[in-house]
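1. Predicted structure and sequence below. I'll ask about it afterward.
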Amino acid sequence: MRDHERGGLRPTRRQMLRGGLGGAALLAMPQFLAGCGDGGGGGSAGGGPTTVTFASNGGALQKAQEQAYLNPYMRANPGIKIVQDVGSTDYARIEAMVKSGLVTWDLVDVGGDFGTGDQEALLEPLDCGLIDCLAGEGGTKYRVPLHRYASVMGYRTDKTPDPPKTWAEWFDLDAYPGKRAFFRVSGPTGIYESALLADGVSIDKLFPLDVDRAFRKLDTIKSSLIWAPSPTDTVRLLADGEVTLASVFSSQAYAMAQDGAKIGVVWNEYGLGSDYLVIPKGAKNKDAAMALAAYMTGAERNAQLSNIYPVAPGHPDARPDESASTYDFLPSGKGGTSFAYDSRYYADNQKMLARRLNEWLKR
Amino acid sequence: MAEAVIRPNDPPDAPTVAAASGSAAASTVSTVSTVRTARTARRVPGWGLLAVPGIAFLLLFFGWPIADMAILSLTEPSPANYAVFAESPVYRDAYVTTFLVAVVTTGTCLLLGYPYAYVMHASGRRLALVLGFFVLLPFWSSILVRTFAWSVWLQDSGIVNTALMSAGVIDEPLPLIRNALGTTIGMTHVLLPFMVLSLYAGMRRIDPDLTRAAKSLGASPLTAFRRVFLPLSKAGIYAGSLIVFVISLGFYLTPAILGDPGEPLVGQLIVEQVSGQLEFGVGGALGVVLLVSTLVIVGAGTRLVDLRTVMGYEE
């Protein structure tokens, strides 16, 4: 999975209206700045400010991270200069950097599908005395949980006043006629889990996934499914009226709802995934990156992002503000049942899942 | 090494999309330019040196990455990367789909582009300039935005279907998107300028006196066009078709957004391997097979069509 909840492939409608050129310029800018930072600063040795290059996936998320973490951190630490880059979930870039020895990123926001197993060889071990590595879901010596996002049932509040409460209802074409959208990717976005839940598998027994059973259930609604090329699209398809129901990331539903779309989400049987901070092996400013990672992921500061962007804190002791506008869309303190994506399962079975999905779509 | 295969993170404008099979395009181009340089060098020896920077550029930024991709496909981790074709029919079928889509797109571009280029050629300088401006207009916006705009037009709740349904022409939305039609429309839109400009360049080389002579000897305008102008515009047709065909092979964004999810193109599968699964080796293998099959097909094409015609040398 490349894009997670924030959808890199496709602009939102608002960005679209603003025009592609502006967006492209904005995207290009941090890279340009990062380039300058590396060239000019050359790390901490020069006597000037220490530069840390933080890479995330651009868009609203990265802007919120800047506001919630990076700017306050720079104010508190005048000796540190943080430059930003985008494209962090393009893991091929991390691998290429490490293997070529030209590591330009110091601290990287990655999805749950990266940083376990063989990929640990691409990463610096974290200083778990400084960083609370193991407190949150899926944390290891090589990656620390940053925030959690949720894949949920999304619907149009104006067209479907009585939305499905369970995936079984979501799969019921008689109760809810019309098409449904999934994000087409083999990674952890809930395709298989929702089918298994709809077919009666108990929510605590989803993993390892019974892929055959999931596809048999998906067969029952195959002709009513639309496969969105990016996660943003699942929400856009809902907003456009192209589909009745969709499996969406709650953060993107929030963004679209803020734009005025009548979109709601159902907090039941939802999937939880995490983003993690990692330090690529050979990062030039490793120590400064460690300190920044400790600041961003610690219980004290971690929830700041949740107040302006609808993701839950990665640290179990961090508490988001319940009066914030994001609260209804963030997966924290909600009723209903949930499951966590087994990132280890996905790491081990990604190839098989990609092949099976391609073959199933072809039939 | 990432450049060897694909760079999914680059701004998705046309040249980058072409980079998926940039391999294919580049090597065709470099073969052609080498042939040409050799000939030019024989005629004007000193000037041939001017091509050296271009050749060096191609070798460094196309030749080497392609070689690197081929090496990766055999060594990352082993030649077993090519077993991916035995593993699943998805991969073999993707090549068939990709070449079919390329042929259809090339044909559509030719059908739409020829009359356009002809009007550009036949009209006065000012109109030609305006028409040329409109051809180039799409290059000023990103391919992503253009493709997205197409989905707004073509989807079930899109502009076309909504208009037709409210006019009572149809009851059910027409399947315009998420199928081969959507891919063809989107790719034709992106590639039409390449076709029109190639055709126009070819037509400008035709001596206007020849058509006039045919008419003065009694040929009807249609006969003069069919017997004199059309055959002489062959070079532009071949050049435009070759360019559009080869660039078509590397598309991945347009089919991802407008195409059938069950029939991915090779470019999409390469992105999935490299960017999604970090399988540089398998991605490389898919790229090498695409490159080789493209060379075979283009090679077979040049047996029928003298490449020198394409480059503007008379037979």
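-> Great, that's in hand. Residues are numbered from 1 along each chain as shown, chains lettered A, B, ... in the order given.

2. where does chain A dip in pLDDT?
-> The model of chain A has pLDDT under 70 over residues A:1-47.

3. mind listing the helices for it?
-> Using DSSP state H, the helices found in chain A span residues A:13-18, A:20-41, A:59-65, A:71-76, A:91-100, A:167-170, A:191-198, A:211-219, A:231-240, A:250-258, A:286-297, A:343-362.

4. any chance of those helices in JSON lines, plus distance to chain B and mean neighbour count?
-> (C-beta placed from N, C-alpha, C; glycine too.) Below are the helices of chain A laid out as JSON lines (distance: least, CB to the nearest CB, whole Å; neighbours: other CB atoms under 10 Å in any protein chain shown):
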{"stretch": "helix A:13-18", "distance to chain B": "6", "mean neighbour count": "14"}
{"stretch": "helix A:20-41", "distance to chain B": "4", "mean neighbour count": "16"}
{"stretch": "helix A:59-65", "distance to chain B": "14", "mean neighbour count": "21"}
{"stretch": "helix A:71-76", "distance to chain B": "25", "mean neighbour count": "13"}
{"stretch": "helix A:91-100", "distance to chain B": "5", "mean neighbour count": "20"}
{"stretch": "helix A:167-170", "distance to chain B": "20", "mean neighbour count": "20"}
{"stretch": "helix A:191-198", "distance to chain B": "12", "mean neighbour count": "25"}
{"stretch": "helix A:211-219", "distance to chain B": "13", "mean neighbour count": "17"}
{"stretch": "helix A:231-240", "distance to chain B": "5", "mean neighbour count": "27"}
{"stretch": "helix A:250-258", "distance to chain B": "15", "mean neighbour count": "25"}
{"stretch": "helix A:286-297", "distance to chain B": "21", "mean neighbour count": "22"}
{"stretch": "helix A:343-362", "distance to chain B": "4", "mean neighbour count": "18"}
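
5. got JSON lines for those, with distance to B:Tyr82 too?
-> JSON lines is the format used below for the helices of chain A (distance: least, CB to CB, whole Å):
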{"stretch": "helix A:13-18", "distance to B:Tyr82": "40"}
{"stretch": "helix A:20-41", "distance to B:Tyr82": "35"}
{"stretch": "helix A:59-65", "distance to B:Tyr82": "37"}
{"stretch": "helix A:71-76", "distance to B:Tyr82": "48"}
{"stretch": "helix A:91-100", "distance to B:Tyr82": "20"}
{"stretch": "helix A:167-170", "distance to B:Tyr82": "40"}
{"stretch": "helix A:191-198", "distance to B:Tyr82": "29"}
{"stretch": "helix A:211-219", "distance to B:Tyr82": "26"}
{"stretch": "helix A:231-240", "distance to B:Tyr82": "33"}
{"stretch": "helix A:250-258", "distance to B:Tyr82": "38"}
{"stretch": "helix A:286-297", "distance to B:Tyr82": "39"}
{"stretch": "helix A:343-362", "distance to B:Tyr82": "16"}
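
6. Quick check: which of those is nearest to B:Arg146?
-> B:Arg146 lies closest to helix A:20-41 among these, at 8.3 Å (CB to CB).

7. mind checking which of the helices of chain A is nearest B:Ala117?
-> Closest to B:Ala117 of these, according to CB to CB: helix A:20-41, at 27.3 Å.

8. ok so, going back, now for the helices of chain A, which one comes closest to B:Pro65?
-> Nearest of the helices of chain A to B:Pro65, taken as CB to CB: helix A:91-100 at 12.2 Å.

9. What is that closest one packed up against?
-> Secondary-structure packing of helix A:91-100 (3 or more CB pairs under 8 Å, 6 or more residues apart in numbering or on different chains; DSSP states H and E): strand A:107-111, helix B:2-5.

10. max-length strand in chain A?
-> In chain A, taking DSSP state E as the definition, the longest strand is strand A:263-278.

11. picking up where we left off before, can you tell which of the helices of chain A is closest to A:Lys205?
-> Set against A:Lys205 and scored by CB to CB, the helices of chain A come closest in helix A:191-198, at 8.9 Å.

12. packing partners for the closest one?
-> helix A:167-170, helix A:211-219, strand A:263-278.

13. 10 Å - rerun?
-> Where contact means 3 or more CB pairs under 10 Å, 6 or more residues apart in numbering or on different chains; DSSP states H and E, helix A:191-198 is packed against strand A:144-156, helix A:167-170, strand A:180-183, helix A:211-219, strand A:245-249, strand A:263-278, strand A:338-340, helix A:343-362.

14. Could you tell me how far the last one lies from the centre of the chain?
-> Averaging C-alpha positions (CA atoms, centre = their mean, to the nearest Å) puts helix A:343-362 19 Å from its chain's average.

15. got the CA positions of the longest strand of chain A in CSV?
-> Output of strand A:263-278 as CSV, limited to C-alpha atoms (Å, rounded to 0.1, in the frame of the first residue of the first chain):
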residue,chain,number,x,y,z
ILE,A,263,-20.5,12.4,4.3
GLY,A,264,-20.7,10.4,7.5
VAL,A,265,-18.9,7.4,8.9
VAL,A,266,-20.1,4.5,11.0
TRP,A,267,-18.0,3.7,14.1
ASN,A,268,-18.5,-0.1,14.2
GLU,A,269,-16.4,-3.0,12.9
TYR,A,270,-13.8,-0.5,11.8
GLY,A,271,-10.1,-1.3,11.0
LEU,A,272,-7.2,0.4,12.7
GLY,A,273,-3.9,1.0,11.0
SER,A,274,-0.9,2.9,12.2
ASP,A,275,1.8,5.2,10.8
TYR,A,276,5.2,4.9,12.2
LEU,A,277,8.4,7.0,12.4
VAL,A,278,11.5,5.4,11.1
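
16. strand partners of that strand, parallel vs antiparallel please.
-> Partner strands and pairing direction for strand A:263-278 (DSSP bridges) are strand A:107-111 (antiparallel), strand A:144-156 (antiparallel), strand A:338-340 (parallel).
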